[in-house]
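Visitor: Need a 3D model of the sequence below.
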Amino acid sequence: MPRIIDLFAGLGGIRLGFQQAMDELGLETECVFSSEIKPYAIQAYHGYYGEEEIFGDITCVNTDQDIPDFDYLLAGFPCQPFSSAGNRNGFADTRGTLFFEIERILQDKINANHPARGFLLENVEGLINHDNGNTLNTIITHLEQLGYHVSYNLLDSKNFGLPQSRKRVYIVGSLDEEINLEGFEERKAVLGDILQQGLPTVDTEFTRRLFENYTPQEVIGKSIKDKRGGNNNIHSWDINLKGKTSQLERKLLDALLKERRKKHWAEKIGIKWMDGMPLTENQIRTFFDVPELHELLEHLTEMGYLVYEYPKEQMKAENGTVKRVPDVSKERGYNIVAGKLSFEFSKILDPKDIAPTLVAMDVAKLGIVDIDGIRRLTIRECLRLCGYPDEYSLDMIAETDAFDLLGNTVCIPVIKDIAIRMGRSYLNNEGER
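Guide: Residues are numbered from 1 along each chain as shown. The predicted model follows:
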């Protein structure tokens, strides 16, 4: 019977996928220790697994006193230090150092002559290239120095029967043998396979403006943001969201949207290139020369489609983080107001396609066309997108907390496929232990 511990447990997805794999192999699994620090995650975890004792801060755990001997350590250790959604500080971030709590626990059990047989770790795609690969190399080296055969791979949930593209790094260790993380059976699904039907839709100023200009069918698959051009994007000025625009003003905004991203402007301005730089009126005249340009720019700024700002230069702080700060020595220019999460919905998903990676900060802004309106993805649909069974409920916690957990959880089928290989290794080597 494999005994497991579940660290940084969240919703308990790694444990669930591992247990499903062992069940398929005819093995009973016993979880002897769980740890999670978020109160609402603990509520959800308890709601599904029914366990009363869930350890909090992992840095306070005494391995000898608090953790029984176990076979496998499971951990989706904090990903923000390595994520493109964060500052990517890695081990400079206190959350990044939590990997070393995993190493400490494994080492403590080795010192006590009760080593774990292996582990399964999960983290974000950004871990692969963070600090030019040095962060991942450090992790692998430390685990190998404990005596484990270590393998890792970047796997995408869309290839494991889920209609969501979620690339994650999986790191597996075993004292017995190296676990192959290549050549998994590929399975496909589309969003329509997991959607609920006939649910209430949203009726707001935003959706009313949207449907004044587009039919529900026309918005399927569209992104709604002012950061990119192209036919697959709907912009705020396309639906007069911040005020009524003329045809000429819309042409100006479309032209500026594309032009401000061109690299040659960074050289002329005297800053390091960034994806969207403010351009002066004279610079704009080089590609949009109309007599009333100044009036157009001022009117669009007054309505909030444009901002008149200083160019931003890349600066490195003392702690190593890189930020953009206004360079007041440069001439101010006009820029698109392009916040990624500016609008009520950022993308209307296509049921015939797959969903993008669920991210905690914007999962609530993904829309679905339901009959003749738009609604948000439901918590149940998000759970299904990650492979959770329908008996898993998040009704006991607030919706914002549920979306936070879902944006950081694992995909069950990927874990299951990996764990089946770990389970087969366990069975093959069971007699030697």
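
Visitor: how about the helices in the protein?
Guide: With helices called from DSSP state H, the chain shows them at 13-24, 39-49, 63-66, 99-111, 134-145, 205-213, 247-259, 264-269, 281-285, 293-303, 379-385, 399-408, 412-429.

Visitor: so which of the ones you listed comes closest to Phe160?
Guide: helix 412-429 (4.2 Å; CB to CB). Every C-beta, even on glycine, is put in place using the N, C-alpha and C of the backbone.

Visitor: What pLDDT does the model give Glu292?
Guide: For Glu292, the model assigns a pLDDT of 97.

Visitor: Excluding residues flanking it in the chain, which one is nearest it?
Guide: What sits nearest to Glu292 in space, not counting adjacent residues and going by CB to CB, 6 or more residues apart in numbering, is Leu248, at 7.8 Å.

Visitor: Distance check, that neighbour against His130.
Guide: The gap separating Leu248 from His130 is 46 Å, by CB to CB, to the nearest Å.

Visitor: Please name the residues that touch the closest residue to Gln107 other than its chain neighbours.
Guide: Spatial nearest neighbour of Gln107, chain neighbours left out: Leu146 (6.2 Å); criterion: CB to CB, 6+ apart. Counting by CB atoms under 8 Å, 6 or more residues apart in numbering, Leu146 touches Glu103, Leu106, Gln107, Ile110, Gly173.

Visitor: about what we covered before: would you confirm that the residue nearest to Glu292 contacts Leu296?
Guide: Yes. At 6.7 Å, Leu248 counts as touching Leu296 under the criterion of CB atoms under 8 Å.

Visitor: which of the two has more neighbours?
Guide: In this view Leu248 and Leu296 are compared by other CB atoms under 10 Å, and Leu296 has more residues nearby, 22 against 13.

Visitor: quick one, what contacts the residue nearest to Glu292?
Guide: By CB under 8 Å, 6+ apart, Leu248 lies in contact with Val290, Glu292, Leu296.

Visitor: Kindly report the same for Glu101.
Guide: Neighbour list for Glu101: Leu7, Ile58, Thr59, Val61 [criterion: CB under 8 Å, 6+ apart].

Visitor: Would you map the strands across the stretch 101-250 of the chain?
Guide: In the stretch 101-250 of the chain, the segments counted as strands under DSSP state E, counting those that start in this stretch are 118-124, 149-156, 167-174, 223-224, 233-234.

Visitor: Average pLDDT for the first one, rounded please.
Guide: In this model, strand 118-124 carries a mean pLDDT of 95.

Visitor: The closest residue to Leu25 other than its chain neighbours and Arg15: what is the separation?
Guide: Nearest non-adjacent residue to Leu25, counting by CB to CB, 6+ apart: Gly423, 4.5 Å away. The gap separating Gly423 from Arg15 is 14 Å, by CB to CB.

Visitor: who's more crowded, those two?
Guide: Using other CB under 10 Å as the criterion, Gly423 and Arg15 rank with Arg15 on top: 25 against 22.

Visitor: what's near enough to touch the more buried one?
Guide: Ile4, Asp6, Ala9, Cys31, Ser34, Tyr49, Leu74.

Visitor: Check the contact between Leu210 and Val219; I expect there is one.
Guide: Yes. The pair Leu210 / Val219 is scored as a contact, 6.5 Å apart, by CB under 8 Å.

Visitor: quick one, what contacts the nearest residue to Asp327 once chain neighbours are set aside?
Guide: Excluding its sequence neighbours, the residue lying closest to Asp327 (CB to CB, 6+ apart) is Glu313, at 4.4 Å. The contact partners of Glu313, taken as CB under 8 Å, 6+ apart, are Ile271, Lys272, Arg324, Val325, Pro326, Asp327.

Visitor: which residue is nearest the centroid of this structure?
Guide: A centroid search over the chain (CA atoms, centre = their mean) returns Val359, at 3.8 Å, as the residue closest to the centre.

Visitor: Model confidence for the nearest residue to it once chain neighbours are set aside, exactly?
Guide: Take Val359 and drop its neighbours on the chain: the residue closest to it by CB to CB, 6+ apart is Gly407, 5.0 Å away. Gly407 carries a pLDDT value of 90.

Visitor: So what's the residue count around Gly407?
Guide: Neighbours of Gly407 under the rule other CB under 10 Å: 18.

Visitor: still on that earlier bit, nearest to Gln164, of the contacts of Leu248?
Guide: Leu296 (41.6 Å).

Visitor: quick one: the closest one and Arg250 touch, right?
Guide: No. Between Leu296 and Arg250 there is no contact under CB under 8 Å: 10.4 Å.

Visitor: Check the gap between the residue located most distally from the centre of the chain and Arg376 for me.
Guide: What lies farthest from the middle of the chain is Pro291; by CA atoms, centre = their mean that is 45.9 Å. Computed as CB to CB, the Pro291 to Arg376 distance reads 45 Å.

Visitor: For the residue lying closest to Lys312 once chain neighbours are set aside, give the beta-bridge partners.
Guide: Spatial nearest neighbour of Lys312, excluding adjacent residues (CB to CB, 6+ apart): Arg324 at 3.9 Å. Beta bridges link Arg324 to Gln314, judged by DSSP bridges.

Visitor: What is the burial count for Arg324?
Guide: Neighbours of Arg324 using other CB under 10 Å come to 13.

Visitor: same thing with Asn132?
Guide: Asn132: 8 surrounding residues under other CB under 10 Å.

Visitor: Same question for the one 10 residues further on.
Guide: By the other CB under 10 Å criterion, the neighbourhood of His142 contains 17 residues.

Visitor: Please apply the same query to the one 3 residues further on.
Guide: Counted by other CB under 10 Å, the residues lying close to Gln145 total 11.

Visitor: Pretty sure Arg380 sits against Gln196.
Guide: Yes. Applying CB under 8 Å, one finds Arg380 in contact with Gln196, separated by 6.6 Å.
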